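# Please work out how this folds:
(3 chains)
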Amino acid sequence: MEIKNVKKAVNKKPLGKKLWDSKTLIIMCLPAILFFIVFFYCPMPGAYIAFTNFNYKQGIFGSDFVGLDNFKFLLNSGSLWMLTRNTILYNLAFIVLGNVLQIIVAILLNEVKNNVFKKISQTIMFLPYFISAVLVGLLAFNILNYEFGFLTTIIQKLGGEPFSVYQTPKAWPVIIVLAQLWQQTGYGSIVYFAAICGIDQEMIEAAQVDGANVFAKIRYIILPSLKPTIIILFLFAIGGIMKGNFGLFYNLVGSSNATLWPYTDIVETYVYRTLMNNFNFPSASAVGLYQSLFGFVVVMFSNGIVRRIDKDYALF
Amino acid sequence: MKIKQDKFTTILHIFAYLLIGGFAISCLVPFLLMISASFSNETMINQTGIGLLPKGFTIAAYELIFKVPKMILGSYVVTIVMTVFGTVIGLFLIAMTGYCLQRRDFPFRNVISFFIYFTTLFSAGLAPTYLWITKYLHLKGSYLAVFLQLLMTPWLIVLMKNFAKSVPFEITESGKIDGAGDFKIFTALILPMLKPALATIGLFLALGYWNEWYNSMLYLSSSSSIKYYPLQYYLYRIITQAAALKNSLAGSNVNPGTIPTQSLKMATAVIATGPIILLYPFVQKYFISGITIGAVKG
Amino acid sequence: MKKLGKKILAAVLTATMTLSLAACGGSKQTSTDTNPSADSATNKTTNDGGLDTSKHVTVKFVVLGNRPTNGRLESMLKELNTVLTEKVNAELDLQYVEWADWQTQYNLLLASGDSSIDLITTATDWLDAWPNIKKGSFMPLTHDMIKTYAPNTYASVTSEEWEKCSYDGQIYLIPENHYTQYTNHGIFYRGDWAKEAGLSNINNFSDLGKYFQFVKDNKSNVIPWDVSGTAANGNALASGYVQSTTSNIVIDGVPIGLSSIYYGASKDDAYTVTSPYMEGTSFEDFAVLMKEWADAGYWREDVLNYDGDTRELFKAGASGADQHHTQTYVTDVRPNMDIKQPGSDTQMFSFSEPSKNLVKTSITHGCVAIGASSKNAERALMVYDLLRNDEECYRYINYGIEGSDYIINDSGELDRPDGWDQSIDALESNFWCGRNDELELPNARHYKGAADIYADYDTYAIDYPYGKFVFDNSKVSTQIAAMADVCANYIPRIAFGKVDDPKAMVAEFREKLKAAGYDEVLNEVQTQLNESK
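As a prediction, this is how the structure comes out:
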């Protein structure tokens, strides 16, 4: 009751008074506000560069306006389509496979009764989350490279013919997804594990007394109780459907192996390369702008749907 | 009461041990390969590939690194300084903002929250950001370009906001009654209650700083003012650039043509990664409990 | 304890606030900073007339290369700066653009418009000087200004040469016009192994293939050519093949990303624009041959993901070949191979040999320019004048400190102290934009056969025909950007044979390049080239 009154009182005040009354809180938020203005909002007008033939001397706003020319090439060359497809498919794979694996690991971890085993395996599974993308790239190169990679060693031991993974584009979706799962599963499963631990133990015991076997327990008690967590995580992930984990892709694939690009290029890697190798600021920005707008629409759309179904789950 | 295990349970348990154990091992193998390669003889690596155990055990690579450790030590100092200051400052600012944004009596909380959240929905993109930072802020070749950009993320602020919600509003009220200002309430009353949240978000921040290489690549490379790169970027250069590998050994009088390239890269990786991996078991407890609270409450 | 904690937090907060404010201050400053201070600098020159050196300044000089870490550079700079301080009250600081991704790093450095940069190494062929001039990266200079602040340099450049360094009536570049060198590319290989393989002299790609096969078959632990498949190496190889099989002459200053694909038809028909990448069979033959070489294992299977220091590996006997230009062969590779691999009899297969298609190194292969926002333009010119024309300074910047970096032997030649190893002890000051034959010491360590090589080149080399052509890309910049993307995607793969069907790949490459606007750019180049006649 009291809270409601406070809220009402706050809303009735004139703006000037509101500002004055909350000046300390505003000042406390100021560093963060400034931070986001300087590093996020200030560069935004610069996205205009996507519509120009940018030239250093004239600057972003002095360069000639060329309309949609930069987008036209991206569209004609098929780059936009390829990047959209790759980015979305990779993200879907990460979201679906990632969550499924995390849930499986969490459920199985819950079944493990040996505490030492549980602790140690949890610690080890968490380890990959702590290392940089650079190291992931190096570890992958150690395993996959043709000259002295671990994979080659194993294939040779088994009497097979080693092949160059770095020249086999079709292998890469698998490798990239595996690397992502390798790095994220331990971390992600903790969240689900926590949710499982939060389930009322009496409910489980009651079910077991009623003769439910372990599979029934998982199917009818554990999985339904994970539903809210799954939905929240899924929604968060959908928001980033057009964003990619640049570090992972860049370090795994390397910067000059064009053979793999049709299968490994995502928006982020394309933008980086266009900018850094070709100094092509307009094209890089055009793709970036497209990515932002597309992502924005996806978030709004999915949030709208969720809002209709169940307001509580909506992001905003 | 004790419930008798049926055969399904037994099967599932066996399966659980196998799968969890198998996955844990697969998490460990790449690290073992790296360590083994760092102790392997270069010629053996090139002839027979790397294995789980060192081939032709040698500590030559480590000897080379520690003969002229100046470069890697410099990188260590840069990274540690950035991580410590970045985590402390970032954590304080995030906590302060997160606290304010969940105060029910703060009329602008939604506006500011959306202002921050909006940056995850729409961003300028790499090219305009790069131009802004280099041409207008003049931060190319400055550690600040790396340091400042990692200070906060919208996601960590939202997370902190959720943590702060779990602190009863009555505490703020009681502070007000005692006549304390908002900043005082925050530092004296709220901050101590946010310890688990601070541990979790602090660790996220610290990981961000420790593993940073991307902004360094964009803003620090080829700058005469930068003598020592952050550790992970240093490692990146060693791995991807023959010249960087050669330079890392400058002054050791080693002939560049005879550098044990692969084992040296691995040894550098081991040295650059070691501390965070050794540190991790000690902080794991806080981290896990923090994620758990955040996720359940979130 | 609690109080202390609070104090620390407060201090941290204040510090952060100041930091954010500082960042904001930086942003405001830019409005005044975007206009290059070129004009004001020029004005000052004409007003003052005299040489005011009362204020001590540091001149920052951008050079290409990896900053050496052996300490020799610092010692040299200390000595040199004493002299420079005495003479013009200035000191020199070198900023390196590293070889890894150097094209990217160099262009980004200029794009960022760093106002602390005073002198910049540039070139109209390999460092895109013209496009950068048009982008406003360099400060325009007047004859008066150079005459006043770099009198010795001014006197040694003819007015015709100045014209080749000018754009829109203003001088932007100071050429390295008194230095003899050939910078045509080729492949270095070991003469001893070639002889074993029954090849007396390799002067075409098919013999080179035989040599690689021999190395592959007979030299264990040696990779025939342990190259890394970077875009730069791919472009060098592709253009090398084109040079060796056609009479086309590359037109500098029309960079398509990291590649140059527009050529003049031949020395007799220089003003017809074409592209060997699009026309004729040369590029297709190249693709097919490189695919064969890749399949035969002349370089690493993972070449596109491999990074190795090929030159050092060659010197260590682990690679059978290396690729670069004649100057590198004469001054570095040959002499050092003679020391490190005695009897290797290292030779160079110049790409120009089969076709006799060779353009002499232009005087703008090495130039210096003044940074557009330099605050010390006058002093930078004075320092440059000393580096280029003063014997003492010249020796410091090029050779180092006498006794430790170099010695002068009894016959007056430059030599190195005992135990000096170029791989470890090189000075690497990389002053490649003002070397001067008059002050250059004959080098006891350089390859003695250089004169013969030059004499041979001189029999067929021609002068660069497009010295006065400056391409204005403003009408076709989006097309060029799109083409750059295509080149980056296809050329390295084709060059290192990492394709399934080379002919199909070349066809695809050509199709994409056309779609990106190849013809429009060609027409634009042709039109502007005609106008420049």
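# How many residues are close by the nearest residue to C:Val470 once chain neighbours are set aside?
Excluding its sequence neighbours, the residue lying closest to C:Val470 (CB to CB, 6 or more residues apart in numbering or on different chains) is C:Trp130, at 5.0 Å. Where you see a C-beta, it was placed from the backbone N, CA and C, and this is true even at glycine. Other residues within reach of C:Trp130, judged by other CB atoms under 10 Å in any protein chain shown, total 24.
# Same question for the one 5 residues further on.
In terms of burial, C:Lys135 registers 21 neighbours under the definition other CB under 10 Å.
# Apart from its neighbours in sequence, what residue is nearest it?
In space, C:Lys135 is closest to A:Tyr56, 4.1 Å off (CB to CB, 6+ apart).
# Name the residues of stretch A:279-295 that are buried.
Residues of stretch A:279-295 classed as buried: A:279-292, A:294-295 (neighbour count, 16 or more other CB atoms under 10 Å in any protein chain shown).
# Next, check the residues you listed against the strands and list the overlap.
Residues of the buried residues of stretch A:279-295 located in strands (DSSP state E): none.
# Tell me which of these has the lowest pLDDT.
Ranked by pLDDT, these bottom out at A:Phe279 (76).
# Domains in the chain, by residue range?
Because you didn't say which chain, this covers chain A. A:2-62, A:78-279 (automatic domain parsing).
# nope, chain C please
Split by automatic domain parsing, chain C gives C:38-180+C:363-425, C:186-360+C:467-532.
# gap between the last one and the chain center?
The chain centroid and the centroid of domain C:186-360+C:467-532 are separated by 16 Å under CA atoms, centre = their mean, to the nearest Å.
# Give me the contacts around the strand or helix carrying C:Ala232.
When secondary structure is defined by DSSP states H and E, C:Ala232 falls within helix C:231-245. If you take CB atoms under 8 Å, 6 or more residues apart in numbering or on different chains as the criterion, helix C:231-245 is touched by A:256, A:277, C:102-103, C:185-187, C:204-205, C:227, C:248, C:250, C:258-260, C:263, C:276-277, C:282-283, C:285-286, C:289-290, C:323, C:351-355, C:357, C:488, C:491-496.
# Any stretches of the chain with poor pLDDT?
With no chain named, the answer covers chain A. Within chain A, the ranges that satisfy pLDDT under 70 run A:1-12, A:57, A:313-316.
# was after chain B, sorry
B:1-5, B:222, B:224, B:250-253, B:257, B:290-298.
# rewinding a little: which one of the buried residues of stretch A:279-295 is nearest to B:Ile238?
Within the buried residues of stretch A:279-295, proximity to B:Ile238 (CB to CB) peaks at A:Phe279, which comes in at 26.3 Å.
# helix or strand for the closest residue to the closest one other than its chain neighbours, which one?
Nearest residue to A:Phe279, sequence neighbours excluded (CB to CB, 6+ apart): C:Asn107, at 5.0 Å. Under the criterion of DSSP H and E, C:Asn107 resides in helix C:102-111.
# could you say what helices and strands the helix or strand that that helix is followed by packs with?
Using DSSP H and E, the helix or strand that directly follows helix C:102-111 along the chain is strand C:119-122. Counting contacts by 3 or more CB pairs under 8 Å, 6 or more residues apart in numbering or on different chains; DSSP states H and E, strand C:119-122 is packed against strand C:57-64, strand C:367-370, helix C:377-389.
# Can you give me the buried ones in the very next helix or strand once past the longest one?
In this case it means helix C:377-389. Once the chain leaves helix C:377-389, the next helix or strand it forms, by DSSP H and E, is helix C:391-399. Neighbour-count burial for helix C:391-399, counted by 16+ other CB under 10 Å, picks out C:Cys393, C:Tyr394, C:Arg395, C:Tyr396, C:Ile397, C:Asn398, C:Tyr399.
# how much space between the closest residue to the third one other than its chain neighbours and C:Gly419?
Once its chain neighbours are removed from consideration, C:Arg395 has its nearest residue in C:Glu402; the separation is 7.1 Å (CB to CB, 6+ apart). Spatial separation of C:Glu402 from C:Gly419 under the definition CB to CB, to the nearest Å is 16 Å.
# of the two, who's got more company?
C:Glu402 (14 against 7).
# Tell me what angle the helix holding C:Ala232 forms with helix C:102-111.
110 degrees (axes from the mean of the first three to the mean of the last three CA atoms, to 10 degrees).
# Quick one: mean pLDDT over the helix or strand following helix C:231-245.
Downstream of helix C:231-245, the first helix or strand assigned by DSSP H and E is strand C:249-250. Across strand C:249-250, pLDDT averages out at 94.
# Which of the buried residues of stretch A:279-295 lies at the shortest distance from chain B?
A:Gly288 (2.5 Å; CB to the nearest CB).
# gap between that closest one and B:Leu121?
As judged by CB to CB, A:Gly288 and B:Leu121 stand 14 Å apart.
# which ones are touching the residue positioned nearest the centre of chain C?
Ranked by distance to the mean C-alpha position of chain C (CA atoms, centre = their mean), the top residue is C:Trp126 at 5.0 Å. By CB under 8 Å, 6+ apart, the residues touching C:Trp126 are C:His365.
# With respect to B:Leu220, which of the buried residues of stretch A:279-295 is nearest?
Using CB to CB, A:Phe279 comes nearest to B:Leu220 of these, at 18.7 Å.
# From the chain's centroid, how far away is stretch B:276-285?
12 Å.
# so does it get close to chain A?
Yes. Shown here: stretch B:276-285 in contact with chain A (CB under 8 Å from any CB of the partner chain) through B:Ile276, B:Ile277, B:Tyr280, B:Pro281, B:Gln284.
# how deep is the second one tucked in, by neighbour count?
Taking other CB under 10 Å as the neighbour definition, B:Ile277 ends up with a count of 13.
# quick check, whichever strand or helix holds B:Ala61 touching chain A?
Using DSSP H and E, B:Ala61 falls within helix B:60-67. No. Under the criterion of CB under 8 Å from any CB, chain A is not reached by helix B:60-67; the shortest gap measures 14.1 Å.
# Pull the number of nearby residues for residue 247.
Defaulting to chain A. Neighbours of A:Gly247 under the rule other CB under 10 Å: 20.
# I was after chain C.
16.
# Tell me who's in contact with it.
C:Ala265, C:Ser266, C:Lys267, C:Ser355, C:Asn357.
# now, among those, which is nearest to A:Phe148?
Out of those, the member with the shortest distance to A:Phe148 (by CB to CB) is C:Ser355, at 39.9 Å.
# That closest one: what secondary structure?
Here C:Ser355 takes the coil state, with states given by DSSP: H, G, I helix; E, B strand; the rest coil.
# Not counting sequence-adjacent ones, nearest residue to it?
In space, C:Ser355 is closest to C:Ser244, 5.5 Å off (CB to CB, 6+ apart).
# circling back: rank the domains of chain C by mean pLDDT and give me the bottom one.
Note on the domains of chain C: lowest mean pLDDT is at domain C:38-180+C:363-425, with a mean of 87.
# and it, how far from the chain's centre?
Computed by CA atoms, centre = their mean, the chain-centroid distance of domain C:38-180+C:363-425 equals 15 Å.
# follow-up on the earlier one: out of the domains of chain A, deepest packed?
Of all the domains of chain A, domain A:78-279 has the most neighbours on average by mean count of other CB atoms under 10 Å in any protein chain shown, namely a mean of 19.
# end-to-end on it?
End-to-end span of domain A:78-279 (CA to CA, to the nearest Å): 20 Å.
# Identify the residues contacting stretch C:406-421?
Against stretch C:406-421 from outside (CB under 8 Å, 6+ apart): B:255, C:395, C:399-400, C:402-405, C:425, C:441-445.
# Same check on stretch C:194-205?
C:187, C:189, C:207-208, C:210-211, C:214-215, C:218, C:241, C:244-245, C:289, C:345, C:347, C:349-350, C:353-354.
# now with 10 Å?
The contact list for stretch C:194-205 (CB atoms under 10 Å, 6 or more residues apart in numbering or on different chains) reads C:186-187, C:189-191, C:193, C:207-215, C:217-219, C:240-241, C:244-245, C:285-286, C:289-290, C:293, C:320-321, C:345-355.
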